[in-house]
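Structure here, sequence nowhere to be found:
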């Protein structure tokens, strides 16, 4: 209840502070009379100047964080709960009729919220940025496609009490020094990515967006130093205002990815599904709430399931 009330207040605040007395300098992207309902999970292909923001949180529960083992016998399997908070900002700047440059910054924090996960998973802070560009390759009355190329950096600061104590015990047992042991650990991942984005409007009411990316770079896990990653996503949106009804838009989202950007211990194919509702009553501005569910396999063979919600806004100028 507290999380839902906070999201409602954020939604109202964004609408309140949005510029209302100015004439629209740009328009939300549209094809064949349909104005697309945006989402932060699957970016659209449109080469247009805009600023995007997102504030949200998520909660994971019921996953296996570790076991208590004595004499090779597993006595207790511990279940954990985790909470994330995250913010994202993106600026896309059109530099030619067919080309735009883009940069984004994102940050988040994850903390275990019960005793097992607090001790085993600790606290982690994730920050990252992206620099790249998007170029239009196809445009017609109802189809718009672009190619993308970018480089990304994701950094992780990780605090783990159990790992810290284990390092102390191992060091004492081996006669090593204690001054080199740290409670925190840092890691990072550089990645280069390229791909395509496609928007299609079969009619005034409905729009479809598709995204595909391939990346190569470092991974958080220690399984391999560098890896290929794949992202595929799609949305279907319904814009009631495009058919002369209420200024509301709805969007369904699905995305699969092999890059564990939100959990350094994830490996394999992650699935994310979401639903969103947006206010689309202005020509150059949208704001909405998105609810997401994610399933990620973990290195230890377990799976991480999480649910989250976010308030996102986008302003074209």
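Done, it's in. All values derive from a computational prediction rather than experimental measurement.

alpha carbons only for contacts and neighbour counts from here, please
Noted.

Model confidence score at the closest residue to residue 259 other than its chain neighbours, please.
Leaving aside its chain neighbours, residue 259 sits nearest to residue 229 (5.9 Å; criterion: C-alpha to C-alpha, 6 or more residues apart in numbering). If you check residue 229, the pLDDT there is 87.

Low-confidence ranges, the stretch 101-250 of the chain, go.
Across the stretch 101-250 of the chain, the ranges flagged by pLDDT under 70 are 112-123, 160-184, 219-225.

follow-up on the earlier one: would you mind naming the residues that bridge with the residue nearest to residue 259?
Residue 229 has the following beta-bridge partners by DSSP bridges: residue 215.

my read: it touches residue 216, true?
Yes - at 6.2 Å, residue 229 and residue 216 qualify as touching, with contact defined as C-alpha atoms under 8 Å.

which of the two has more neighbours?
For residue 229 versus residue 216, neighbours defined as other C-alpha atoms under 10 Å are more numerous around residue 229 (21 against 16).

What number of neighbouring residues does the closest residue to residue 58 other than its chain neighbours come out with?
Leaving aside its sequence neighbours, residue 58 sits nearest to residue 308 (C-alpha to C-alpha, 6+ apart; 3.7 Å). When counting by other C-alpha under 10 Å, one arrives at 19 neighbours for residue 308.

From residue 276, how far out is residue 205?
As judged by C-alpha to C-alpha, to the nearest Å, residue 205 and residue 276 stand 16 Å apart.

now do residue 268
26 Å.

Comparing the two, which residue is more hemmed in?
residue 276 (22 against 14).

Show the pLDDT at that one.
97.

residues contacting it?
39, 250, 251, 252, 288, 289, 290, 291 (C-alpha atoms under 8 Å, 6 or more residues apart in numbering).

Could you say which helix or strand holds the nearest residue to it once chain neighbours are set aside?
Spatial nearest neighbour of residue 276, chain neighbours left out: residue 290 (4.1 Å); criterion: C-alpha to C-alpha, 6+ apart. Under the criterion of DSSP states H and E, residue 290 resides in strand 285-297.

Using TSV, lay out the contacts of residue 276 together with distance to residue 152.
TSV is the format used below for the contacts of residue 276 (distance: C-alpha to C-alpha, whole Å):
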residue	distance to residue 152
39	20
250	30
251	27
252	26
288	26
289	26
290	24
291	25
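
Now the two most distant members of those.
252 and 288 (12.9 Å; C-alpha to C-alpha).

Compare these two (neighbour count), which wins?
residue 288 (24 against 18).

State the distance from the more buried one to residue 53.
Distance, residue 288 to residue 53, by C-alpha to C-alpha: 11 Å.

Tell me the residues that contact both of these two, please.
Joint contacts of residue 288 and residue 53 (C-alpha under 8 Å, 6+ apart) are 312, 313.

Now for the residue nearest to residue 259: which residues touch it?
Contacts for residue 229 (C-alpha under 8 Å, 6+ apart) come out as 214, 215, 216, 257, 258, 259.

before we move on, what about residue 257?
So residue 257 contacts 229, 230, 231, 232, 269, 270, 271 (C-alpha under 8 Å, 6+ apart).

got it, and residue 210?
The contact partners of residue 210, taken as C-alpha under 8 Å, 6+ apart, are 42, 44, 197, 198, 199, 232, 233, 234, 235.

now, which of these sits nearest residue 32?
Ranked by distance to residue 32 (C-alpha to C-alpha), the contacts of residue 210 are led by residue 199 at 11.2 Å.

Give me the nearest residue to residue 106, chain neighbours excluded.
Nearest non-adjacent residue to residue 106 (C-alpha to C-alpha, 6+ apart): residue 88, at 4.3 Å.

State whether residue 129 and residue 153 are indeed in contact, as I suppose.
Yes - with contact defined as C-alpha under 8 Å, residue 129 reaches residue 153; the gap is 5.6 Å.

For the chain, just list every one of the helices.
Using DSSP state H, the helices of the chain run over 2-17, 115-120, 161-174.

what sits against residue 144?
Residues in contact with residue 144 (C-alpha under 8 Å, 6+ apart) are 45, 46, 136, 137, 138, 198, 199, 200.

repeat for residue 59
Counting by C-alpha under 8 Å, 6+ apart, residue 59 makes contact with 81, 82, 83, 84, 306, 307, 308.
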